[in-house]
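*Asks:* Generate coordinates for the sequence data below:
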Amino acid sequence: MKVDFENYQSPFSWRYGSVKMRKIFSESNKRTIWRKIWVAIAKAQYKADLLTSQELINIKKAAKKIDIGKSLGFEKTIYHDVMAEIKTFAQNAKVGGGKIHLGATSTDITDNADILIITKGLEIIEGEIKSLLKSFSEKINTHKDTICMGYTHLQPAEPTTLGYRLSVYAQDLLKDLKFLNYFKNNLKTKGIKGAVGTSASYVRLLEGKKIDAFRLEKQIMQNLGLNEVMVSSQTYPRKTDLHLSFILTSIAQTLHKFCFDLRIMQSPNFGEWSEPRDLNRVGSSAMPFKRNPDKAEKICSLARYVASISNVAFENAANNILERTLDDSANRRIFIPEIFLATDEILTETNKLVENLIVYDENIQRNLKSYGPFAGLENLMMTAVKKGANRQEIHERVRKIAMEAWQEINSGRTNPLVSLLKKDKIITKFVANTQIETLLNPALHTGLAKARCKLFLKELNKEISK
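*Replies:* Now for the predicted structure:
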């Protein structure tokens, strides 16, 4: 891929996003689709006897001769990109050029093209989500029985399983996939409705012809594989862009949470997970020992950018005064491609992280040994109460012992909770020494984590196999 580094290039031109996504949002592809729509209009108008067969053949042939440089040259003079493209198109269509864009307004071309491009972008995103869900499924299955410490408020809480924790991220992403499919399957475009959405120009064109404006629009939409809204202004409803931004932001939020958690788990204080690292990977220009989770950090950074775009989409929809204003045009040229390219990047990069996630079992066991026994204290109290202890008195006794154990841990020593409990005369009055260690075994306090994990895996695998 050749990039002109002598002029400003967006990072999305070469650094972030896949080649296939860039091609979908390329200027060349956009203008190819514009011409596809002009040809579709010409075909329908030919059937309505508005064009001759020679004119239609000539338009179809000339549609392949795209010259972006010439079009941009016209645009410098007339300051209108669609008219500049029409002039370029018409110059190569000597017979039918005078009929190109007959009855149409610019958004009859650009808005329908945008929906075709968005649909292709969504198909790529859908495939990437399924690939990522498959990677999650494999990791969940591998670790469905791996007991680890659960954390709330970034403090040790109760044991869970690593598979169950990973299921939380996958469940969110599965919901994102369902939302995306609903949006994609119900996506509608403007149709061919003219300057303010009334189809007035087409009604006039078709006076006395064998088809009406309704039928003309339907033929064009069927040719393009699109579904149109019943009513529109000059544009398709800009609420569509807002909903699109919600869908992609939701995906970004899911991946941000996973990557943020990975960053925490990679810190030495936890040390349970790590990004995969190539031998030659550099963590810092100043500190050669660094093992930064910079790929996860990049994903979080791009996810924040995706989330910010919803504000622009909101303003466009809310401030699209009456039948149309043009103050959405410039920012849509930027944010629609970039929200797709950013989402594309974070999906593919997160997939690599999940596929190759390093899990340090020794550190999981270390943390479980340090903090896991605390999770059994409630069970110990209930056992003591069942055997005659006063609940409030036993709670206070256990609390003091737990605080003493914490002090030892904070001093860098092994958790002495079990031994302290075994030495306490009040505790052992109700709970036998031999029972204390069993009651505080972290493996006995994961609840339904393993069972729910297996049930979720079944649901997940069913969905991604569709």
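*Asks:* Convert the C-alpha atoms of stretch 312-322 to CSV, please.
*Replies:* What follows is the C-alpha trace of stretch 312-322 in CSV, where atoms were taken according to Å, rounded to 0.1, in the frame of the first residue of the first chain:
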residue,chain,number,x,y,z
VAL,A,312,-21.7,14.3,16.7
ALA,A,313,-24.4,12.0,15.3
PHE,A,314,-26.8,13.3,17.9
GLU,A,315,-26.2,16.9,16.9
ASN,A,316,-26.7,16.0,13.2
ALA,A,317,-30.0,14.3,13.9
ALA,A,318,-31.3,17.0,16.4
ASN,A,319,-30.2,20.0,14.3
ASN,A,320,-31.3,18.8,10.8
ILE,A,321,-33.7,21.7,10.5
LEU,A,322,-37.0,21.2,8.6
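*Asks:* to the chain's geometric centre, what's the distance from it?
*Replies:* Here the centre of stretch 312-322 is set off from its chain's centre by 23 Å, with Cα atoms, centre = their mean, to the nearest Å.
*Asks:* What are the buried residues along it?
*Replies:* Within stretch 312-322, the residues that qualify as buried are 312-314, 316-317, 320, counting by 16 or more other Cβ atoms under 10 Å. Where you see a C-beta, it was placed from the backbone N, CA and C, and this is true even at glycine.
*Asks:* cool, and stretch 409-429?
*Replies:* Of all the residues in stretch 409-429, those buried under the rule 16+ other Cβ under 10 Å are 409, 415-418, 420-422, 424, 427.
*Asks:* Next step: the residues you listed restricted to helices.
*Replies:* 409, 417-418, 420-422, 427 (DSSP state H).
*Asks:* can you give me the end-to-end distance of stretch 4-23?
*Replies:* The first residue of stretch 4-23 is 17 Å away from its last residue (Cα to Cα, to the nearest Å).
*Asks:* Show me how far stretch 324-331 is from its chain's centre.
*Replies:* 25 Å.
*Asks:* And the contacts of it?
*Replies:* Stretch 324-331 is touched from outside by 107, 196, 233-235, 238, 312, 316, 319-320, with contacts defined as Cβ atoms under 8 Å, 6 or more residues apart in numbering.
*Asks:* Equivalent analysis for stretch 50-66, please.
*Replies:* Stretch 50-66 is contacted from outside by 28, 31-32, 35-36, 38-39, 42-43, 45-46, 88-89, 92-97, 99-100, 102, 205-206, 209, using Cβ under 8 Å, 6+ apart.
*Asks:* do that again at 6 Å, thanks
*Replies:* Contacting residues not belonging to stretch 50-66 are listed as 31, 35, 39, 42, 45-46, 92-93, 95-96, 99 [Cβ atoms under 6 Å, 6 or more residues apart in numbering].
*Asks:* likewise stretch 27-36?
*Replies:* The list of residues contacting stretch 27-36 from outside it, by Cβ under 6 Å, 6+ apart, reads 63, 66, 68, 109, 113, 116.
*Asks:* Mind doing that once more with 8 Å?
*Replies:* By Cβ under 8 Å, 6+ apart, the list of residues contacting stretch 27-36 from outside reads 23, 63-64, 66, 68, 71, 82, 85, 89, 109-110, 113, 116-117, 224.
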